[in-house]
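**Student:** Sequence plus the predicted model coming up.
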Amino acid sequence: MSKFSYDERSQIKNIIANLSITRLSDYEIIKEIERQTSKTITRKQIYNIRQLIKKDSFEWYQTLQKGKYEYLHEFKERINEIIWLQKKHNEIIKNNQHNPSIQQTSLAELHRLNITLSQYLDILPEIIGNGNSLPKTTEIKEQQEQRPRQEQIILV
């Protein structure tokens, strides 16, 4: 991918990451990259970029694992993002009183955000109590199943 500028490489990497999540084939990804960037890319280049994405993800995870403050900061940022999105959807609902389809769509998304935020807040005490190591998903699930569900919401 050396024939591409930094911005083009970044855009292609993002396209591959996003489309790989949706389970599109390499052929469909190649066509989408060509459509969005007017550049041609090979299956081998897609493979190499996927490996780079995995390596970057692993390095990011290792950084978070080394210090609880980095992980907590990242976790708090996700919570803040959800709260911001909730405010925006509430504004959309308020500003579209005469358009029920827009309100309904925003209400559905607001519900999803509420569930996600609730899940984050449910596991927050487990994360804070685990010191410098990241909690294992199975440990969190086991602890959640063993304790009664907390009704009180803790704001961060």
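**Tutor:** Perfect, thanks for sending it.

**Student:** need the helices for this structure, in chain order.
**Tutor:** Using DSSP state H, the helices found in the chain span residues 6-21, 26-37, 43-66, 68-95, 100-128, 137-146.

**Student:** now the angle between helix 100-128 and the fourth one, please.
**Tutor:** Using axes from the mean of the first three to the mean of the last three C-alpha atoms, to 10 degrees, one finds that helix 68-95 and helix 100-128 are set 160 degrees apart in direction.

**Student:** domains of this structure?
**Tutor:** 6-62, 67-146 (automatic domain parsing).

**Student:** can you list the weak-confidence ranges in this protein?
**Tutor:** 1-2, 68, 130-156 (pLDDT under 70).

**Student:** how far away is the spatially most central residue of the chain from Leu113?
**Tutor:** Nearest to the mean C-alpha position of the chain, by C-alpha atoms, centre = their mean, lies Arg78 at 8.2 Å. In this structure, Arg78 and Leu113 are 11 Å apart, going by C-beta to C-beta, to the nearest Å. (Each C-beta comes from the backbone N, C-alpha and C, glycine too.)

**Student:** swap in Glu74?
**Tutor:** Distance from Glu74 to Leu113, counting by C-beta to C-beta: 18 Å.

**Student:** mind listing what Glu109 touches?
**Tutor:** Applying C-beta atoms under 8 Å, 6 or more residues apart in numbering to Glu109 gives the contacts Leu85, His89.

**Student:** Likewise for Lys13?
**Tutor:** Each residue near Lys13 by C-beta under 8 Å, 6+ apart is listed here: Ile49, Leu52, Ile53.

**Student:** Repeat the analysis, applying 10 Å as the threshold.
**Tutor:** Residues near Lys13 by C-beta atoms under 10 Å, 6 or more residues apart in numbering: Met1, Ile49, Arg50, Leu52, Ile53, Asp56.

**Student:** so which of those comes closest to Ala108?
**Tutor:** Nearest to Ala108 among the contacts of Lys13, counting by C-beta to C-beta, is Ile53 at 30.4 Å.

**Student:** leaving aside the residues next to it on the chain, what's closest to that closest one?
**Tutor:** Ala17 (5.4 Å; C-beta to C-beta, 6 or more residues apart in numbering).

**Student:** so the one you found makes contact with Ser57?
**Tutor:** Yes: at 9.4 Å, Ala17 and Ser57 qualify as touching, with contact defined as C-beta atoms under 10 Å.
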